[in-house]
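Peer 1: let's see this in three dimensions:
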Amino acid sequence: MSGRLHILRHTFCSRLAMRGVQVMAIKELAGHASLSTTMRYMHLSPCAKRDAILMLDAPLPERKVGNSLATGREEAAKE
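Peer 2: This is a model prediction of the structure:
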């Protein structure tokens, strides 16, 4: 039974991480005393890794700068 519980803890932490939950929240929910323990339990699926790479091609969100909207790319071009 302890082996199943171990797998369940890995699944729990990994699924939360893949949904963007903050690491400290996962640590608290898992009941870990240290962040290093939580990090050992978190794993990303191949799909999550692929989706992270695809984010590089996604447009940057618009942000209000002064009185106008600008994207991160426009701001970087000004620098």
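Peer 1: give me the most central residue, the chain.
Peer 2: The centre of the chain sits closest to Gly20, judged by CA atoms, centre = their mean, with a distance of 3.8 Å.
Peer 1: what's the pLDDT at it?
Peer 2: At Gly20, the model reports a pLDDT of 86.
Peer 1: do the same with Ala76
Peer 2: 52.
Peer 1: and Gly3, by the same measure?
Peer 2: Gly3 is given a pLDDT of 78.
Peer 1: who's in contact with it?
Peer 2: If you count contacts by CB atoms under 8 Å, 6 or more residues apart in numbering, Gly3 has none. Placement of C-beta: from N, CA and C, glycine included.
Peer 1: make 136 the starting number, not 1.
Peer 2: In the new numbering, first residue 136, that becomes Gly138.
Peer 1: tell me the secondary structure at the residue nearest to the centre of the chain.
Peer 2: Put simply, Gly155 is coil when judged by DSSP: H, G, I helix; E, B strand; the rest coil.
Peer 1: and it, how close does it get to Lys199?
Peer 2: Between Gly155 and Lys199 the distance is 23 Å, computed by CB to CB, to the nearest Å.
Peer 1: can you point out the buried residues in stretch 157-176?
Peer 2: Ile161, Lys162, His167, Thr173, Tyr176 (16 or more other CB atoms under 10 Å).
Peer 1: just give the closest residue to the last one, not the sequence neighbours.
Peer 2: Of all residues beyond its chain neighbours, the one nearest Tyr176 is Cys148 (3.9 Å), with distances taken as CB to CB, 6 or more residues apart in numbering.
Peer 1: any idea how far Leu164 is from the one you found?
Peer 2: Taking CB to CB, one finds Cys148 at 8 Å from Leu164.
Peer 1: can you check Ala187 too?
Peer 2: In this view, Ala187 and Leu164 are 22 Å apart by CB to CB.
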